[in-house]
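Trainee: Give me coordinates for this.
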Amino acid sequence: MSPFRLSSAGLAVVLLSGLLALPSFAQPKAADGALVGPSGMTLYTFDKDTAGSGKSACNGGCAANWPPFMATDSDKPAGDFTIVTRDDGKKQWAAKGWPLYYWSKDTKPGDKTGDGVGGAWKTAKP
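Mentor: Coordinates of the predicted model:
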């Protein structure tokens, strides 16, 4: 193998290593005045959560209707986005300390049918 090929292969390994070290977090973005997840679905906050507590108050049946916006073990907090630990030990994203959830009855990106449900759910704002 020529020295050029070795150098190219070495460079490729270095570049690939750097890409693999990037966090997998797909940061929510603002769309139509709301935070949305990577698929464009609206994210919500729950009034029974306590901002900054590091916990989610929506577990069990609640989480079946309000699926948490999950984080992976390799995700890292960034800016206003932090990670809370759920009762089952899994990780969930939070914005400004508020855990983030999807609403099971939203069917397409841009739906905000969960806003105001039970007087406790609000569209997450950027």
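Trainee: OK, contacts around Gln92?
Mentor: By CB atoms under 8 Å, 6 or more residues apart in numbering, the contact set of Gln92 is 56, 68-71, 83-86, 99-100. In this view, the C-beta of every residue, glycine as well, is placed from N, C-alpha and C.
Trainee: how does it look with 10 Å?
Mentor: Contacts for Gln92 (CB atoms under 10 Å, 6 or more residues apart in numbering) come out as 55-56, 58, 63, 67-71, 82-86, 99-101.
Trainee: Write a ChimeraX command that selects only the buried members of the residues you listed.
Mentor: Only the buried members of these enter the following ChimeraX selection, criterion being 16 or more other CB atoms under 10 Å:
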select :56,58,63,68,69,71,82,83,84,86,99,100,101
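Trainee: Just the ones of the contacts of Gln92 in strands?
Mentor: Per DSSP state E, strands hold the following members of the contacts of Gln92: 70-71, 82-85, 99.
Trainee: Distance-wise, check Ser39 relative to Lys48.
Mentor: Distance of Ser39 to Lys48, computed by CB to CB, to the nearest Å: 25 Å.
Trainee: could you point out which element follows the helix or strand of the chain with the lowest mean pLDDT?
Mentor: Within the chain, no helix or strand scores below helix 3-20, which has a mean of 41 by mean pLDDT, DSSP states H and E. Of the helices and strands lying after helix 3-20 in sequence (DSSP states H and E), the nearest is strand 29-31.
Trainee: for the record, mean pLDDT for that following strand?
Mentor: The average pLDDT within strand 29-31 is 87.
Trainee: Who does Lys122 form a beta bridge with?
Mentor: On the basis of DSSP bridges, Lys122 is bridged to Thr45.
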